[in-house]
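Student: any chance you could fold what I've pasted below:
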Amino acid sequence: MAIDQKLMAVPVRVGATLDPGTPKELFQLHAVADFLGNTYDVAEDDQRFLVNTPVAEDASQPLTVVINWTAALKAN
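Tutor: Predicted coordinates:
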């Protein structure tokens, strides 16, 4: 990731030495680092990214926490 939060790709030719090509912008990130400092991750197939992005205030939904849910399983 570049300083301006653009995710970049650089082609690399491998031979006797590494020969890096010209960096190319993939897309602009609007990411927020998690508690480990990560802002994104790459899928195992190298085809997708998971990006930690901020959510707008009006987009939040209520959160329901179910406590002692295992007791409900035993009642059935």
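
Student: who touches residue 48 in this structure?
Tutor: Residue 48 makes contacts with residue 42, as judged by C-beta atoms under 8 Å, 6 or more residues apart in numbering. For glycine as for every other residue, the C-beta is placed from the backbone atoms N, C-alpha and C.

Student: mind listing what residue 67 touches?
Tutor: Residues near residue 67 by C-beta under 8 Å, 6+ apart: none.

Student: if you count contacts, what does the lowest-mean-pLDDT helix or strand in the chain end up packed against?
Tutor: One helix or strand of the chain scores below all others by mean pLDDT, DSSP states H and E: helix 69-75, with a mean of 84. Using 3 or more C-beta pairs under 8 Å, 6 or more residues apart in numbering; DSSP states H and E, no helix or strand is in contact with helix 69-75.

Student: backbone torsions only: list them for residue 13.
Tutor: According to degrees, to the nearest 10, the main-chain angles of residue 13 amount to phi -90, psi 130.

Student: tell me which element the nearest residue to it once chain neighbours are set aside is part of?
Tutor: Spatial nearest neighbour of residue 13, chain neighbours left out: residue 19 (4.1 Å); criterion: C-beta to C-beta, 6 or more residues apart in numbering. Using DSSP states H and E, the element containing residue 19 is strand 18-20.

Student: in its sheet, what does that strand sit against?
Tutor: Sheet pairing of strand 18-20 (DSSP bridges) gives strand 12-14 (antiparallel).

Student: residues of the strand it pairs with that come out buried?
Tutor: By neighbour count with 16 or more other C-beta atoms under 10 Å, strand 12-14 contains no buried residues.

Student: stretch 21-39 too?
Tutor: For stretch 21-39, a neighbour-count test (16+ other C-beta under 10 Å) marks 29, 31, 39 as buried.

Student: before we move on, the earlier item: I figured the residue nearest to residue 13 hits residue 12, correct?
Tutor: Yes - taking C-beta atoms under 8 Å as the definition, residue 19 is a contact partner of residue 12 at 6.9 Å.

Student: quick one: residue 49 from residue 69, how far?
Tutor: Separation of residue 49 from residue 69 (C-beta to C-beta, to the nearest Å) stands at 33 Å.
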